[in-house]
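In: Show me the folded form of this:
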Amino acid sequence: MAARVAAGVGGDDALPLLDDLMPWSVRPLRTGRPWVTAAEAASLRARWDLLAGAERADQERLFRPSRSRTPLTPAAALPGRSTGTGAFARHPGPYPEPVRILHGPFDEQWLIPDHRLLDAARPEMWRVADGHQIFAVEHGYVPQDDGPCLSATALLPDGHAPAGRPGRIRPLYRRPGGQEPNLAPGLPALLSDRYGTAVSAESVLAWILAAARPSAAGLLVPLPTGGDLWARGVELGQELLRLQLRGARGGERPRLPGGRRPYVRAPIQPRPDGIRYDAEEEVLVVGEGRVSPVPAAAWDFRVGGVRMLELWFERRTAAAEGLAAVGPRGWPRERTSELLELITVLALLAGLGPRQEALRDTLGRTGTLTRDALRTAGVLPVPASARRPASVLDHREEGPEGQFALL
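Out: Purely as a prediction, here's the structure:
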């Protein structure tokens, strides 16, 4: 049995940080060039073909070299990928199938998974990305922002923050196959004893999604003293998690009730010139297209002060240069489907907002487990090894120029 710990009441300094509870974190990806990601997978194939077939001077220009990557830079293959490892200019190799990623908080896009094209791909995160993994993604601290400070995804996240300094990416598991939770050693046992119920890694993540709040020092995670409040928060967090996973891991795609589902009332033209919201009619106007009903809460859903629907639209319609300008000529049908799903997800998440506020209000009026209490129980400080990636290799990974990496 875990040791009993006392509760305490204090300011923000007394509350544990997310960094205390999920100690291993990864910095956001840094692609170095915008053309390696796209809203449609077909765009990436067209860009690859243009780059691979270009003459040396044109290839250099199209590539957009950085200090980390040029067409002559070899790089190790990303874990689980069999791309070329020699210089792209000499031997591009076969086109690697793109992978679905989460670009920022709620924008699902595609990425070319070739390490030679990415400035900082964070291989340690790719090693543990599988069908069991869930990533918690911090959105970055913006003072006075009342939007969500954290999200979760089963996709590989790039950790981009719409505003403010980007936060960290925290895998739920340190090893493939859902092995070794990325939690402070001893935390699940302590909470299980405290609340009188089994506490799993996913229930801790669910609680964090429901209860975490931002501060200049990092995300604060108040832990309740009683099992009833814990169960209430975990139930809410599981709903938040289900919506954000969008059907991954055998779940159902998010759906609004029949009378509230958004539909395309007037088709979106190939090149819509803007996006706006008609609050009286609950209509999202996309160029000459019209989508309704769209709840006002979905339109006004913001992260870091940035409206998510506007950002989604701007990323798909903004002027681009070089390879990044290679994309569909019109407005693909799947783009409309993704817009409808994003509206649905944001509306449903906004609908859970009052329950989150009520939970946080209750936590603010009751005792919580303080950092000192976690230190007394031996949960804090976490060992340095818990902040480093686990050794997960059961096979060799190919390094630059075909050499095998020793990791």
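
In: what about the strands in the stretch 201-350 of the chain?
Out: Secondary structure of the stretch 201-350 of the chain (DSSP state E, counting those that start in this stretch): strands located at 223-224, 263-266, 275-278, 283-286, 289-292, 302-303, 306-307.

In: can you redo these as a markdown table with distance to residue 16 and mean neighbour count?
Out: Bear in mind the C-beta positions are built from the backbone N, C-alpha and C, glycine included. A markdown table is the format used below for those (distance: least, C-beta to C-beta, whole Å; neighbours: other C-beta atoms under 10 Å):
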| stretch | distance to residue 16 | mean neighbour count |
| --- | --- | --- |
| strand 223-224 | 7 | 25 |
| strand 263-266 | 45 | 13 |
| strand 275-278 | 39 | 16 |
| strand 283-286 | 40 | 22 |
| strand 289-292 | 42 | 18 |
| strand 302-303 | 23 | 22 |
| strand 306-307 | 28 | 20 |
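
In: Can you convert those strands into JSON lines and add a column each for mean pLDDT?
Out: Output for the strands of the stretch 201-350 of the chain, formatted as JSON lines (pLDDT from 0 to 100):
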{"stretch": "strand 223-224", "mean pLDDT": "98"}
{"stretch": "strand 263-266", "mean pLDDT": "97"}
{"stretch": "strand 275-278", "mean pLDDT": "98"}
{"stretch": "strand 283-286", "mean pLDDT": "98"}
{"stretch": "strand 289-292", "mean pLDDT": "98"}
{"stretch": "strand 302-303", "mean pLDDT": "96"}
{"stretch": "strand 306-307", "mean pLDDT": "96"}
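
In: which ones are touching residue 316?
Out: Residue 316 is in contact with 39, 335, counting by C-beta atoms under 8 Å, 6 or more residues apart in numbering.

In: now do 6 Å
Out: Neighbouring residues of residue 316 by C-beta atoms under 6 Å, 6 or more residues apart in numbering: residue 39.

In: so how far is residue 387 from it?
Out: 38 Å (C-beta to C-beta, to the nearest Å).

In: Look up phi and psi at the most far-flung residue of the chain relative to its centre.
Out: The C-alpha centroid of the chain is most remote from residue 55, which lies 36.9 Å away (C-alpha atoms, centre = their mean). For residue 55, the backbone dihedrals (degrees, to the nearest 10) come out as phi -70, psi 160.

In: Nearest to residue 153 among the strands of the stretch 201-350 of the chain would be which one?
Out: Among these, strand 302-303 comes nearest to residue 153, with 13.5 Å by C-beta to C-beta.

In: Which neighbours in the sheet does that closest one have, and how are they oriented?
Out: Sheet pairing of strand 302-303 (DSSP bridges) gives strand 306-307 (antiparallel).

In: Would you check that residue 87 makes contact with residue 75?
Out: No: proximity of residue 87 to residue 75 does not meet the contact threshold set by C-beta atoms under 6 Å, at 9.2 Å.

In: Of the two, which one has the most company?
Out: Shown here are residue 87 and residue 75; by other C-beta atoms under 10 Å, residue 75 has more neighbours (23 against 17).

In: Am I right that residue 390 sits in a strand?
Out: No: if the criterion is DSSP: H, G, I helix; E, B strand; the rest coil, then residue 390 is coil and not within a strand.

In: just use 35 as the starting number from now, easier for me
Out: New numbering, starting at 35: the last item is residue 424.

In: Could you report the neighbour count for residue 425?
Out: There are 10 residues near residue 425, going by other C-beta under 10 Å.

In: Which pLDDT value goes with it?
Out: At residue 425, the model reports a pLDDT of 82.

In: cool, residue 236 as well?
Out: 98.

In: Roughly how far does it sit from residue 113?
Out: 24 Å.

In: for residue 139, same thing?
Out: 25 Å.

In: Find the nearest non-adjacent residue to residue 271, please.
Out: Ranked by C-beta to C-beta, 6 or more residues apart in numbering and with sequence neighbours excluded, the top spatial neighbour of residue 271 is residue 240, at 3.0 Å.

In: Look up how far residue 279 lies from that neighbour.
Out: According to C-beta to C-beta, residue 240 stands 12 Å off from residue 279.

In: Which residue of these two possesses the greater neighbour count?
Out: residue 240 (22 against 19).

In: measure that one to residue 187 for me?
Out: Counting by C-beta to C-beta - residue 240 and residue 187 are separated by 14 Å.

In: May I ask which helix or strand encompasses residue 397?
Out: In this assignment (DSSP states H and E), residue 397 forms part of helix 387-399.

In: could you give me the average pLDDT of the next helix or strand after that helix?
Out: The helix or strand immediately downstream of helix 387-399 is strand 402-403, counting by DSSP H and E. Averaged over strand 402-403, pLDDT sits at 96.

In: Off-centre distance for strand 402-403?
Out: Put simply, strand 402-403 sits 28 Å off its chain's centre (C-alpha atoms, centre = their mean, to the nearest Å).

In: Give the buried residues for the very next helix or strand once past it.
Out: Using DSSP H and E, the helix or strand that follows strand 402-403 in sequence is helix 405-410. Across helix 405-410, burial judged by 16 or more other C-beta atoms under 10 Å covers 405, 407-408.
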